[in-house]
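**Q** could you work out the structure for the sequence below:
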Amino acid sequence: MRRNGPVGPASDRHWRGSARLAVTCAVLFTALAFTVDWDAGTLTAPRALLWVALSTAVCAVLLPHRVSAGPGWLAVRTPWRRLVVHTDALAAVRQYEGISAHLVLRDVHGHRLELDPRVLAANPLIWHELDTGVRRSIERGTLHRGADVLERLGHRIDDETTQAVLRASGLS
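**A** From the prediction side, this is the model:
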């Protein structure tokens, strides 16, 4: 039996796998460091504490940001804080290309967040929530800069989705 109530927020469906990979790398780093130190006969309590602290730092660096979206908002959770913008009150959007391409979203309330555009491409529900909020921002006249950036990104996401569907169906 289906519920007819509101659906929960859309979240990054690949985050758990990426987080698992980050934790696995940190645990392997600790295990290798302990093994090498123990084999050399130099493993002590302070050195073990150092290896654990370093592996915690490795995990924190590798842990991806958790992106979620709902009606009128987009949130990015880092290990230290949660950033939220109101997508239906966006003021500016910028996209930075290069090695670490990212979008910077700013709303009229002064909130700002950065996210990887690949998260939007990999999660159609998050993209839908953002796109709906952007359309509301344009209707309300709050989005002054960046509508073209999101339009190009939308076309790119649509093209990638179309290519994936064609590949999966064997037509491409």
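**Q** do you know the pLDDT at residue 128?
**A** You'll see residue 128 listed with a pLDDT of 89.
**Q** OK, contacts around it?
**A** The contact partners of residue 128, by C-beta atoms under 8 Å, 6 or more residues apart in numbering, come to residue 10. No exception for glycine: its C-beta is placed from N, CA and C like everyone else's.
**Q** that one and residue 157: what is the separation?
**A** Residue 128 sits 10 Å away from residue 157, going by C-beta to C-beta, to the nearest Å.
**Q** repeat for residue 107
**A** Distance of residue 107 to residue 157, given as C-beta to C-beta: 22 Å.
**Q** again, but for residue 127
**A** Counting by C-beta to C-beta, the gap from residue 127 to residue 157 is 6 Å.
**Q** overlap in contacts of those two?
**A** In contact with both residue 127 and residue 157: 120, 121, using C-beta under 8 Å, 6+ apart.
**Q** okay, now residue 129: neighbour count?
**A** Counted with other C-beta atoms under 10 Å, residues neighbouring residue 129 total 22.
**Q** and for residue 45?
**A** Neighbourhood size, residue 45 [other C-beta under 10 Å]: 7.
**Q** kindly state the pLDDT recorded for it?
**A** As predicted, residue 45 sits at a pLDDT of 93.
**Q** the closest residue in space to residue 59 that isn't next to it in sequence sits in which helix or strand?
**A** Take residue 59 and drop its neighbours on the chain: the residue closest to it by C-beta to C-beta, 6 or more residues apart in numbering is residue 26, 3.6 Å away. Here residue 26, judged by DSSP states H and E, is contained in helix 15-40.
**Q** that helix: what's the following helix or strand?
**A** helix 45-62.
**Q** neighbouring strands of the following helix or strand past that next one in the sheet, and parallel or not?
**A** Following helix 45-62 in sequence order, the next helix or strand is strand 66-70 (DSSP H and E). The strands beside strand 66-70 in its sheet (DSSP bridges) come out as strand 10-11 (antiparallel), strand 73-77 (antiparallel).
**Q** output those as a markdown table; include the columns mean pLDDT, mean neighbour count and distance to residue 141.
**A** Shown next, in a markdown table, are the strands paired with strand 66-70 (pLDDT from 0 to 100; neighbours: other C-beta atoms under 10 Å; distance: least, C-beta to C-beta, whole Å):
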| stretch | mean pLDDT | mean neighbour count | distance to residue 141 |
| --- | --- | --- | --- |
| strand 10-11 | 83 | 19 | 26 |
| strand 73-77 | 93 | 20 | 19 |
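**Q** tabulate those strands (a markdown table), appending distance to residue 55.
**A** Output for the strands paired with strand 66-70, formatted as a markdown table (distance: least, C-beta to C-beta, whole Å):
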| stretch | distance to residue 55 |
| --- | --- |
| strand 10-11 | 27 |
| strand 73-77 | 22 |
